[in-house]
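In: Provide a 3D model corresponding to the input given below.
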Amino acid sequence: MPTLKFVDAISSASISGGPFDGVAFYIGGDAFRVWSPPEIEARPERFRLPIWVRDNPHQVDPAADAARCLVALARFGVPIGSLVALDSEMAVDPGWTHTFVSILNGASVIKGYPVIDYGSESTLRGNMNPDGYYWGADWTSVPHLHTGEGMTQYLSLQNEDVSLANAALPLWDTHRSLQALKMVSVPMVLPVLQQGMYDVAGRVFYVHKLQHILNQVINDVGLKLAPLTTDGVFGAKTTEAVKEVQNHFGLTRDGIVGPMTWEAIYSE
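Out: Now for the predicted structure:
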């Protein structure tokens, strides 16, 4: 699996190592320091990942915080569809995370910003990120990707932290068009799903993600189906919803969510 080496730091001036494939930078929330647009524009790395910090979700309205984050993304000129990091540190609040992520996603995930949740390995998956992307901190000093994670931060130094990232993530790529990146990344990142599968605690919540997107598509295209319960279980109702959506997009009506079905519901 191709990987990318990412660096994140309080400021551009704090970065002394390298070279790196990508840079993660702070855009707001309760970040210790927010980067300036000129700082990120001056960085030589090809890939960029904006970070919104929120380690006290119980004290902040998620809708208001998401709105502020969208303003910050616009300020930095982050292209629609680019991955955004939510730095949760050790906070666990799945309801808050769901609202925040849904607002950043917009009407459907591909029309907004997908979100990767960053935090401690011990608490990270408790937030049940609807987008299924996780960035865990595991400071072994050895480059690695934890199973089920899109990124793993493996090194923490005085001036910067270093992570390994799956190259298939929908990252802000300054060297090629975002649409080309989307067409490549969707089938590579998302697995084939079918009836009988279910999410397991401690793993990526792909079925929950599928049900969340299906509800958006059902509403957007006006299908006469009751909303699915986003319970992470691929049962008969989820299968029927997949079949109806496949029929709407002219795909084989088999109830199996493979690359073509993922691409259709992401691009709706």
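
In: Could you use CA atoms for every contact and neighbour count after this?
Out: Fine.

In: contacting residues for Ala64?
Out: By Cα atoms under 8 Å, 6 or more residues apart in numbering, no residues touch Ala64.

In: Can you name the helix or strand that it falls in?
Out: helix 62-75 (DSSP states H and E).

In: Output that helix in CSV with nothing but the alpha carbons.
Out: Extracted in CSV, the C-alpha atoms of helix 62-75 (Å, rounded to 0.1, in the frame of the first residue of the first chain):
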residue,chain,number,x,y,z
PRO,A,62,-21.1,21.3,17.1
ALA,A,63,-23.1,23.2,14.5
ALA,A,64,-21.6,26.5,15.4
ASP,A,65,-18.1,25.0,15.5
ALA,A,66,-18.6,23.4,12.1
ALA,A,67,-19.7,26.7,10.7
ARG,A,68,-16.6,28.4,12.0
CYS,A,69,-14.5,25.6,10.5
LEU,A,70,-16.1,26.1,7.1
VAL,A,71,-15.2,29.8,7.2
ALA,A,72,-11.6,28.9,8.1
LEU,A,73,-11.4,26.4,5.2
ALA,A,74,-12.6,29.1,2.8
ARG,A,75,-10.0,31.5,4.2
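
In: List the buried residues in it.
Out: Pro62, Ala63, Asp65, Ala66, Cys69, Leu70, Ala72, Leu73 (16 or more other Cα atoms under 10 Å).

In: Can you add pLDDT and give these back as TSV?
Out: Below are those laid out as TSV (pLDDT from 0 to 100):
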residue	pLDDT
Pro62	91
Ala63	88
Asp65	89
Ala66	89
Cys69	90
Leu70	87
Ala72	89
Leu73	88
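
In: which sections of the stretch 1-150 of the chain are below the confidence cut-off?
Out: In the predicted model, the stretch 1-150 of the chain carries pLDDT under 70 at residues 1, 107-111.

In: Now do the helices in the stretch 1-150 of the chain.
Out: Secondary structure of the stretch 1-150 of the chain by DSSP state H, counting those that start in this stretch: the helices cover 37-41, 62-75, 94-105.

In: mind putting these in TSV, distance to Pro170 included?
Out: TSV is the format used below for these (distance: least, Cα to Cα, whole Å):
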stretch	distance to Pro170
helix 37-41	18
helix 62-75	16
helix 94-105	13
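
In: so which of these gets nearest Ala9?
Out: Nearest to Ala9 among the helices of the stretch 1-150 of the chain is helix 37-41; the distance by Cα to Cα comes to 11.6 Å.

In: Run the chain-centre distance for that closest one.
Out: Chain-centre distance of helix 37-41: 23 Å, with Cα atoms, centre = their mean, to the nearest Å.

In: Return the alpha-carbon coordinates of it using PDB.
Out: What follows is helix 37-41, C-alpha atoms only, in PDB (Å, rounded to 0.1, in the frame of the first residue of the first chain):
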ATOM      1  CA  PRO A  37      -2.500  31.400   4.800                       C
ATOM      2  CA  PRO A  38       1.000  32.700   3.700                       C
ATOM      3  CA  GLU A  39       2.600  30.100   5.900                       C
ATOM      4  CA  ILE A  40       0.900  27.200   4.200                       C
ATOM      5  CA  GLU A  41       1.300  28.700   0.800                       C
END
